[in-house]
Each structure stands twice: as C-alpha cells, then as structure tokens.
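*Asks:* The sequence isn't on hand, but the structure is:
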C-alpha cells in the first residue's frame, strides 16, 4: 500500500533557484513513490502548471494578503533580495503562519477522516520557522530537511556587515516564538541537514533527529560528459556574487599563481560584488583569462559544468551548497572551503577542501589547489569521476525520495530502527 502524504511546500517552483526548485524537485520525486498531495502558495501556480508536477496532486492557497506585504517590507529592509537572509526569515514568520493555518483550514476534515498517513513539511527549510500543523493535527508530522545555525567565521565580520545580517546576533530569539516548542515536541521525525543544524536542536528531541541533507540533483540535467585532455583547462565559479561566497577569491588565486593564467576562469552569476570583481580583474590584468558571464539559468549552468574542468567554490558560510553537488554530478574536480555544508559534501577521494582561515590564507590555498589540479589532469579526472559516483549515490532526487520512504515507515511503526541517510 502506498503511503498517503500531505506535503506542505510553500516554496515550490521549477523556475526559481535555490529553495523553490529544491522543494519542487523533492516533491516530484516523492510523487513517484507515494500518493502525495502538495499544498503550495498561489504564486507558484503558473510555473508549476507550465512544467507539470509528475504524479503529485497540487492544491494552491492564496495568502498574498499577508505574504505580499511582508515580502515588500523584507525587500525594503534588505535593500533588495541578494543579502540580509536573517531579515528575510524574520519577515517570513507571519506569512508562513498564515499559509499553514490556511492549509489546516482547507484539509481539516481530510486530516480528521484519516485521508493522510503523514504530514511532511518540505519547505521552508529554516529551523527558525515553526509549524502550527504539528500540533493542530494528530496525523504523524515529519519536519524538514531543515538547514541553519552555521556561525559566521570569526575572520569575516566585514562580510557579515556587507551581507546586512543585522539580526544575526538575535537569531536565537526564534526559540521564543509561538508554536516553536510544539513544533519540535510534536514532530515524529526531524530531518536536519548536516551537523551544524543537528546541534541546533535541543537534546530532548535528538532521539527523533535524522541527519538528512536537503540538497539534491537531477541526473537528467547534471550529467558527466567525456572530457578530453586539453592543455588549457577551465575553472568555473557559479553562484550569486554576494560577500559570503567570496566570488573574488578565484580571481585573486589567478592573480597570485602565474601558472593559472594560461587557463580560463569563468564566473557565472550576478550580484552586488560584481563591480569589485571587475575592478580586481582590471587591476591584475586578467582580462584575457577571466570572464564574467552574468546570471545564467539552471540549464545553462549545467552546460557550463559539463564543458569546464574544475569547480572553485570558496564560500565561507554555505549551509547546503546545492551547486557543489551539481558540479560533482557533472564530474568536476571541486575545490571548496572546509566549513559548513561543503565540508560534508566533499571527501578526500572526490574533491579538495582548503582550510578555513582569513581571506588571504584562503586565496593562497585556493591558488595552490587550482594550480595542482591544472598541472595534474589525471588526478583531476580521478577526483571528478569519484565525485560523480558519490553525488548520484546519495543526492539524486530519486535516491533521496527512497530514503524518505524509510523515514515514513519509521514514524508509522513499519520499521523499528531509526533510518540513517548515509547507510
């Protein structure tokens, strides 16, 4: 018998990057294994109907009377939508509560009649946003994957200010919000991405916590090509050009290591750091080997990953790093900072982690690592191939959906042992 799931997925959009597309891909993969009803916000309807939603039934809720105003206020306080993540989460609290109350009102009779075996909150993935549904309904509630609670590295207080993370020091105030205690107390399983999120959950709930990364990949889009051995290799950075991702570090690595200048550096993305990167390229006379590509679609990024050789990802506060998994799936040799999500995603047999330190030390380490890889194509190919195998084994959406079935069986009493994502 297929499990009947009500999936709360407010952020769920096949054309919007980061969390919305993750929610969409995860729910679509689950729909091939369970009878799933996805409830999402009305703003996602045009794109979902354009792309379809596998075997899922979809219900749209219109909470724009709250959400639209909070989004405008958040954008004003953040001065855009590139920085100020903590502000965005704080402003999301009223609109998300409105969404869950609307969902409960819509499905109250079905929940009481036993139409669903499990209620699963797929998004939002922030541990700071509670779920009233956990206590409003007696149906077993699964929370997550959640991701958060990664401290800012001590060396990067300037980046903290430039990210407009004014509320970061008050983050733990979320524990005082209404519905916080009941959310964690009533959840039958709490999926938490990486150790930094697991540690944020109170000890009294740890028996229900499963370390379960939220990132995933679509193997049909991110696949490994046959890479020819070529004298000039391409290093790729892909992501928003914002302070905490340190997008200028690969540029500075090319400036520091003259051997890298015979290769190519591509930077895909846009954001407030772009003028600074342009100035850095000009100051070091790197116009012939560094190219800024601007914003690219997910399909365009996939094509870049399949044509490039090495992925440089110097972000110093990356909660999940889905783009890193995408690069791994494309068979790229990846170089990242040993902190946050990338520290777990990359192992010694399928990538290179440089130590977390100040910016100068990261630049130096990145320059050395990139120089070593471009000088050793056999090692680059070996790391890339192993990365591809690892990414497909754990992070393909179908694999993640299969592991989620184990969670459902556990909360429903169909299996005695708590499942492990890594087994």
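*Replies:* Done, it's in. Here the structure is a predicted model, which means the values were calculated and not measured. Numbering: from 1, shown residues only.
*Asks:* so where is the stretch 1-150 of the chain shaky, pLDDT-wise?
*Replies:* 70-71, 73-91 (pLDDT under 70).
*Asks:* can you give me the strands for it?
*Replies:* Taking DSSP state E, counting those that start in this stretch as the criterion, the stretch 1-150 of the chain carries its strands at 4-9, 35-41, 57-61, 118-123, 141-146.
*Asks:* Name every strand pairing with the first one and say which way it goes.
*Replies:* I take that to be strand 4-9. strand 35-41 (parallel), strand 118-123 (parallel) (DSSP bridges).
*Asks:* just to revisit the earlier point, can you say which of the strands of the stretch 1-150 of the chain is nearest to residue 28?
*Replies:* Across the strands of the stretch 1-150 of the chain, residue 28 has its closest neighbour in strand 35-41 (8.8 Å, C-beta to C-beta). For the C-beta atoms, the positions are set from N, CA and C on the backbone; glycine is no exception.
*Asks:* before we move on, the earlier item: can you put the strands of the stretch 1-150 of the chain in JSON lines and add mean neighbour count and distance to residue 21?
*Replies:* Formatted as JSON lines, the strands of the stretch 1-150 of the chain follow (neighbours: other C-beta atoms under 10 Å; distance: least, C-beta to C-beta, whole Å):
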{"stretch": "strand 4-9", "mean neighbour count": "24", "distance to residue 21": "12"}
{"stretch": "strand 35-41", "mean neighbour count": "24", "distance to residue 21": "13"}
{"stretch": "strand 57-61", "mean neighbour count": "16", "distance to residue 21": "16"}
{"stretch": "strand 118-123", "mean neighbour count": "26", "distance to residue 21": "11"}
{"stretch": "strand 141-146", "mean neighbour count": "26", "distance to residue 21": "15"}
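*Asks:* Is it possible to get JSON lines of those that adds distance to residue 112?
*Replies:* Shown next, in JSON lines, are these (distance: least, C-beta to C-beta, whole Å):
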{"stretch": "strand 4-9", "distance to residue 112": "12"}
{"stretch": "strand 35-41", "distance to residue 112": "15"}
{"stretch": "strand 57-61", "distance to residue 112": "17"}
{"stretch": "strand 118-123", "distance to residue 112": "12"}
{"stretch": "strand 141-146", "distance to residue 112": "15"}
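*Asks:* how about these, which one is nearest residue 396?
*Replies:* strand 141-146 (15.4 Å).
*Asks:* strands paired with the closest one, and their directions?
*Replies:* Within its sheet, strand 141-146 is paired with strand 118-123 (parallel), strand 189-192 (parallel), according to DSSP bridges.
*Asks:* What's the first helix or strand after the last one?
*Replies:* Using DSSP states H and E, the next helix or strand after strand 189-192 towards the C-terminus is helix 194-198.
*Asks:* helices or strands next to that next one in the packing?
*Replies:* Contacting helix 194-198 under the criterion 3 or more C-beta pairs under 8 Å, 6 or more residues apart in numbering; DSSP states H and E are the following elements: strand 209-211, helix 341-345.
*Asks:* Out of the ones you listed, which is the most enclosed?
*Replies:* Of those, the one with the most neighbours on average (mean count of other C-beta atoms under 10 Å) is helix 341-345, at a mean of 23.
*Asks:* roughly how far apart are residue 147 and residue 196?
*Replies:* 8 Å (C-beta to C-beta, to the nearest Å).
*Asks:* between those two, which one's more packed in?
*Replies:* Counted by other C-beta atoms under 10 Å, residue 147 and residue 196 do not tie: residue 147 has more neighbours, with 26 against 19.
*Asks:* Quick check: residue 252 touching residue 361?
*Replies:* No - the pair residue 252 and residue 361 fails to qualify as a contact (C-beta atoms under 8 Å) at a distance of 11.7 Å.
*Asks:* okay, these two: which has more neighbours?
*Replies:* The neighbour comparison of residue 252 against residue 361 (other C-beta under 10 Å) goes to residue 252, with 22 against 13.
*Asks:* as a whole number, average confidence for whichever strand or helix holds that one?
*Replies:* Taking DSSP H and E as the criterion, residue 252 maps to helix 249-256. Helix 249-256 carries an average pLDDT of 98.
*Asks:* Which strands border whichever helix or strand comes after that helix, and is each parallel or antiparallel?
*Replies:* Next along the chain after helix 249-256, taking DSSP H and E as the criterion, comes strand 264-268. Strand pairing for strand 264-268, using DSSP bridges, gives strand 234-238 (parallel), strand 290-294 (parallel).
*Asks:* Could you give the average pLDDT over the first one?
*Replies:* Read it as strand 234-238. 98.
*Asks:* swap in the last one?
*Replies:* Summarised as a single mean, pLDDT over strand 290-294 is 98.
*Asks:* my guess is residue 185 meets residue 202, correct?
*Replies:* No - look at residue 185 against residue 202 with C-beta under 8 Å: they stay out of range, at 9.4 Å.
*Asks:* that older thread, turn the helices and strands packed on helix 194-198 into CSV, columns for distance to residue 309 and mean pLDDT.
*Replies:* Shown next, in CSV, are the helices and strands packed on helix 194-198 (distance: least, C-beta to C-beta, whole Å; pLDDT from 0 to 100):
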stretch, distance to residue 309, mean pLDDT
strand 209-211, 32, 97
helix 341-345, 19, 94
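*Asks:* So which of the ones you listed is nearest residue 261?
*Replies:* helix 341-345 (26.1 Å).
*Asks:* Show me what the closest one is packed up against.
*Replies:* Counting by 3+ C-beta pairs under 8 Å, 6+ apart, helix 341-345 packs on helix 194-198, helix 322-329, strand 333-337.
*Asks:* Which strands or helices does the second one pack on?
*Replies:* Under the contact criterion of 3+ C-beta pairs under 8 Å, 6+ apart, helix 322-329 touches strand 234-238, helix 298-307, strand 310-313, strand 333-337, helix 341-345, helix 377-395.
*Asks:* Run through who's touching it.
*Replies:* 18, 22, 215-217, 219, 222-224, 236, 238-239, 301-302, 305, 311, 313, 318, 334, 336, 341-342, 345-346, 350-351, 387-388, 390-392, 395-396 (C-beta atoms under 8 Å, 6 or more residues apart in numbering).
*Asks:* for stretch 344-360, same thing?
*Replies:* With C-beta under 8 Å, 6+ apart, stretch 344-360 has contacts from 153, 155-156, 194-195, 213, 215, 246, 249, 314, 316, 321, 324-325, 328, 333-339, 342-343, 361-362, 365-366, 369, 373, 383, 386-387, 389-390.
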